[in-house]
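Q: no sequence for this one, just the structure:
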């Protein structure tokens, strides 16, 4: 990192700390937000962009070889006049990284010459051309595009410490994408009355990357086509050098016809929720009382300061006052027994959680209730409680789906058909994957700062998409063109810029 960067960062940080120093506050007779007159002017010489961090992301994309991988494998255009396939894919991904929520937002960047210079482009596709590109895809082309992204993904994973390859956890789930359109081909009505699509998402839990995304009609079950996509994700992880792969899914994904095949791979483990069928409940009831163990869940977080007084449970008070019927968990117990599904030749381990529930109405206890929850696994090294906790950790994928819905706006349906909307989802979800790569490529300098840098990398990986964009992309920069390079001169400061400078130094190596 250049010394001038450190000096500039320290001076801007000290300046803002002085302005935020509450010890200097004095009583004032005017509001802090003043009413000074403001004038607007234009400059013929200076040019600036609001999303200066897009230049670093574009450099990262070039370093990992993503454009070359896409152009070498994906062939949708007969003539490159002037755009290549990678130009279209990155154009849609960058739109999401610059607060774009729909195809029309591409037009804002297309008409910003400073933005075009930051990407080294003469022009980028307009919204109509981008929509036409989505309509060119077939299901085979979508698989090809995701395979091309995987080539760059393996290059990023190869830069990680050896411990990164100890384990890959593959989570899978379906999510509904509603649309008010009446003419979108491939749409259908879902189980809850929603019209739209039902895409499948397979992700890597350790980094949050979307490994596979397949669009389906809204009336299709969650598990449809999941096994084929999981097989592709397993192959990707093994090619990358992961020493262990763990599959996780809810009850819809306990596809018993595939379990023997996955179990035959010594490096693959799976933990799936399983439907509480009558025969399983009978087996659970026949388990001796001595085999059940109390299930004690770890605290959700560790209090690092003094414990605070718990606020009033307003919701609970209203439920009791209005005599609403409610279920309250009293205790949990766990056990395990061997079980062979009908479609399997192998015997696996069935972990059972028995929940003791009190059904209440107002202040009255109506009657106690017992419910059973089942988890099927081929992992015999974990305790029964650890299997439950491992299965529950899959719920973090719901946060990922929320980011794809409301953060990147990938899970929308702006185009006209099933496959074209699937193409939009894959290309826009690439923006979330680029965020993960941004964090993974942060250097971990050996020595006393290594643990701090490692924690910093984990913090960026956990960031919500909007937080990441505001911290590392929405950076006002002056755009200067010199002889053979483009200079993005920072015009604003935020506390995350030192992290950005460290990645700049890494990519220059």
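A: Yep, it's here. Here the structure is a predicted model, which is why all the values come from computation and not from measurement.

Q: strands of the stretch 351-500 of the chain, start to end?
A: Assigned strands in the stretch 351-500 of the chain, in chain order: 364-377, 477-481, 486-490 (criterion: DSSP state E, counting those that start in this stretch).

Q: can you lay out those as JSON lines showing mean pLDDT, distance to residue 506 and mean neighbour count?
A: The C-beta positions use only the backbone N, C-alpha and C, and glycine is treated the same way. Converted to JSON lines, these look like this (pLDDT from 0 to 100; distance: least, Cβ to Cβ, whole Å; neighbours: other Cβ atoms under 10 Å):
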{"stretch": "strand 364-377", "mean pLDDT": "91", "distance to residue 506": "39", "mean neighbour count": "15"}
{"stretch": "strand 477-481", "mean pLDDT": "89", "distance to residue 506": "19", "mean neighbour count": "17"}
{"stretch": "strand 486-490", "mean pLDDT": "90", "distance to residue 506": "17", "mean neighbour count": "16"}
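
Q: where in the stretch 401-509 of the chain is pLDDT low?
A: Along the stretch 401-509 of the chain, the model assigns pLDDT under 70 to no residue.

Q: just the element for residue 6, please.
A: helix 3-19 (DSSP states H and E).

Q: buried ones in that helix, by neighbour count?
A: Within helix 3-19, the residues scored as buried using 16 or more other Cβ atoms under 10 Å are 5, 9, 12.

Q: the second one against residue 501, yeah?
A: Spelled out, that is residue 9. Yes: shown here, residue 9 and residue 501 form a contact pair, counting by Cβ atoms under 8 Å, at 7.3 Å.

Q: wait, residue 478 touches residue 45, no?
A: No: contact criterion Cβ under 8 Å: residue 478 and residue 45 do not qualify, at 10.3 Å.

Q: quick one: least confident of the buried residues of helix 3-19?
A: Across the buried residues of helix 3-19, the smallest pLDDT goes to residue 5, namely 75.

Q: secondary structure element holding the residue nearest to it when sequence neighbours are not counted?
A: If the residues on either side of it in the chain are set aside, residue 5 comes closest to residue 501, at 5.0 Å by Cβ to Cβ, 6 or more residues apart in numbering. Using DSSP H and E, residue 501 sits in helix 497-508.

Q: now do residue 265
A: Per DSSP H and E, there is no helix or strand for residue 265.

Q: list the contacts of the residue nearest to the spatial centre of the chain.
A: Central residue of the chain (Cα atoms, centre = their mean): residue 400, 3.8 Å from the mean position. By Cβ atoms under 8 Å, 6 or more residues apart in numbering, the residues touching residue 400 are 171, 201, 203, 208, 210, 432.

Q: mind doing that once more with 6 Å?
A: By Cβ atoms under 6 Å, 6 or more residues apart in numbering, the contact list for residue 400 reads 203, 208.

Q: look up how far residue 456 lies from the residue lying closest to residue 9 once chain neighbours are set aside.
A: Nearest residue to residue 9 in three dimensions, chain neighbours excluded: residue 498, at 5.5 Å (Cβ to Cβ, 6+ apart). Residue 498 sits 9 Å away from residue 456, going by Cβ to Cβ, to the nearest Å.

Q: and those two? which has more neighbours close in?
A: Applying other Cβ atoms under 10 Å to residue 498 and residue 456 shows that residue 456 carries more neighbours, namely 18 against 15.

Q: ok, now how distant is the more buried one from residue 165?
A: Using Cβ to Cβ, residue 456 is found at 21 Å from residue 165.

Q: show me the contacts for residue 485.
A: Residue 485 neighbours (Cβ under 6 Å, 6+ apart): none.

Q: closest one to residue 85 out of the buried residues of helix 3-19, please.
A: Minimum distance to residue 85 across the buried residues of helix 3-19 is 36.0 Å, recorded for residue 5 (Cβ to Cβ).

Q: picking that back up, distance of the residue nearest to the centre of the chain relative to residue 283?
A: Counting by Cβ to Cβ, the separation of residue 400 from residue 283 is 34 Å.

Q: in the stretch 201-350 of the chain, which spans are strands?
A: For the stretch 201-350 of the chain, the strands defined by DSSP E, counting those that start in this stretch occupy 210-214, 245-249, 268-274, 293-294, 325-339, 348-361.

Q: any chance of those in TSV, plus mean neighbour count, mean pLDDT and distance to residue 232?
A: As requested, the strands of the stretch 201-350 of the chain are arranged in TSV below (neighbours: other Cβ atoms under 10 Å; pLDDT from 0 to 100; distance: least, Cβ to Cβ, whole Å):
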stretch	mean neighbour count	mean pLDDT	distance to residue 232
strand 210-214	24	97	6
strand 245-249	23	96	12
strand 268-274	22	96	14
strand 293-294	12	95	38
strand 325-339	15	93	28
strand 348-361	18	94	24
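
Q: so which of these is nearest residue 233?
A: When those are compared by Cβ to Cβ, strand 210-214 sits nearest residue 233, at 4.7 Å.

Q: check the offset of that closest one from the chain's centre.
A: 11 Å (Cα atoms, centre = their mean, to the nearest Å).

Q: which strands and helices lie in contact with that strand?
A: Packing partners of strand 210-214 (3 or more Cβ pairs under 6 Å, 6 or more residues apart in numbering; DSSP states H and E): strand 200-204, helix 226-240, helix 418-440.
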